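Engineer: Below is the structure, and that's it, no one-letter string:
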Ligand SMILES: Nc1ncnc2c1ncn2[C@@H]1O[C@H](COP(=O)(O)OP(=O)(O)O)[C@@H](O)[C@H]1O
Ligand SMILES: CC(=O)N[C@@H](CCC(=O)OP(=O)(O)O)C(=O)O
């Protein structure tokens, strides 16, 4: 089996142009098949507020009414995706920018209304990702760049969390490639003390995860990220690493890049 990297970058990296450029240069230098997934929640929140649309998030997930869907379509599918693709082209990567609607590559189901109506938010299931379609892009020499947008097959775009997209892509692609999933953000990895970059936790297994949650050491945005990450490992993804976007060039040096998850 050939190897594949699926790498996700979040809003804080995208919002910092120096950090983003270093990351994109290092991403281009990685050998072999690769897919980039980007969020951009921070930029969407800023634009919403500029437009006078209140940004509402519950448990890290954006309530996406029709106005907000327009904003995230512009921000994720347009502004951020096309800028990243243009920069990757500059560095020599033949990037192709995508939403899940393009090539019907990721189909989602609108989240059912329970206690909260999330609006146009899409959830993924086992059949969401068209792995063969994505594989044909990779084999043709393209580097797919996915934004946090999917579709329902009935003409409706949906907002889907980028960590979830990265995890679902990794699970689906692991049937065809030996897949490593990497979450890149603005810290060295999962930290024992969130304010101390020297307190990196090198390995986490499910038992340790439970302890760190109970002790309040892991909280907020790191909780859904690790839930997605452990679910990817359970469903056959070879390796999952969480690390600093500016350290991607140290990826092959196990001792210096990020937190590794194990079963
Ligand atoms: N133990 C921890 N180590 C590192 N980050 C943590 C930890 N616990 C909570 N976090 C928070 O998780 C955030 C990352 O999640 P999130 O904001 O969703 O990032 P992204 O937008 O990159 O996906 C960090 O910015 C940090 O504030
Ligand atoms: C449904 C939902 O919450 N979607 C996310 C998609 C963007 C994202 O995931 O961005 P980060 O990775 O930068 O957080 C949102 O709109 O914030």
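Structural biologist: Okay, I see it. Predicted, not measured: the structure shown is a model, and the values here were computed from it. Numbers count the residues shown, from 1 in each chain. Ligands and ions are numbered 1, 2, ... in the order given.
Engineer: contacts, neighbours, all on C-alpha from now
Structural biologist: Fine.
Engineer: Run through the helices of the chain in chain order.
Structural biologist: If DSSP state H is used as the criterion, the helices of the chain fall at 11-14, 17-29, 41-50, 66-72, 81-91, 131-139, 162-173, 206-214, 222-234.
Engineer: Which residue, other than its chain neighbours, is closest to residue 206?
Structural biologist: residue 263 (6.6 Å; CA to CA, 6 or more residues apart in numbering).
Engineer: one step back: among the helices of the chain, show me which one is buried the most.
Structural biologist: For these, ranked by mean neighbour count under the definition mean count of other CA atoms under 10 Å, the leader is helix 162-173 at a mean of 26.
Engineer: wait, the residue nearest to residue 206 sits on residue 232?
Structural biologist: No - assessed by CA atoms under 8 Å, residue 263 is found out of contact with residue 232, at 10.5 Å.
Engineer: who in the stretch 151-263 of the chain is up against ligand 1?
Structural biologist: Taking CA under 6 Å from any ligand atom as the criterion, the stretch 151-263 of the chain approaches ligand 1 at residues 185, 189, 190, 191, 192, 194, 217, 218, 219, 220, 221, 222.
Engineer: In those residues, find the pair that's most separated.
Structural biologist: In terms of CA to CA, these reach their longest pairwise distance at 185 and 217, which sit 17.3 Å apart.
Engineer: Turn the residues of the stretch 151-263 of the chain next to ligand 1 into a markdown table, columns for pLDDT.
Structural biologist: Formatted as a markdown table, those follow (pLDDT from 0 to 100):
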| residue | pLDDT |
| --- | --- |
| 185 | 97 |
| 189 | 98 |
| 190 | 98 |
| 191 | 98 |
| 192 | 98 |
| 194 | 97 |
| 217 | 98 |
| 218 | 97 |
| 219 | 94 |
| 220 | 92 |
| 221 | 91 |
| 222 | 95 |
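Engineer: What remains of the residues you listed if I keep only buried residues?
Structural biologist: Buried members of those, counted by 16 or more other CA atoms under 10 Å: 185, 189, 190, 191, 192, 194, 218.
Engineer: and the gap between the first one and residue 53?
Structural biologist: Residue 185 is 27 Å from residue 53, where distance means CA to CA, to the nearest Å.
Engineer: cool, the last one as well?
Structural biologist: Distance from residue 218 to residue 53, counting by CA to CA: 31 Å.
Engineer: wait, which of the helices of the chain is closest to residue 122?
Structural biologist: Between residue 122 and these, the shortest gap by CA to CA is with helix 162-173, which sits at 10.2 Å.
Engineer: hmm, back to that, list just the nearest of the residues of the stretch 151-263 of the chain next to ligand 1 to residue 258.
Structural biologist: Closest to residue 258 out of these is residue 189 (4.7 Å), distances taken as CA to CA.
Engineer: my guess is that closest one contacts residue 259, does it?
Structural biologist: Yes - between residue 189 and residue 259 there is a contact under CA under 8 Å: 5.2 Å.
Engineer: shared neighbours of the two, which are they?
Structural biologist: 200, 201, 242, 243 (CA atoms under 8 Å, 6 or more residues apart in numbering).
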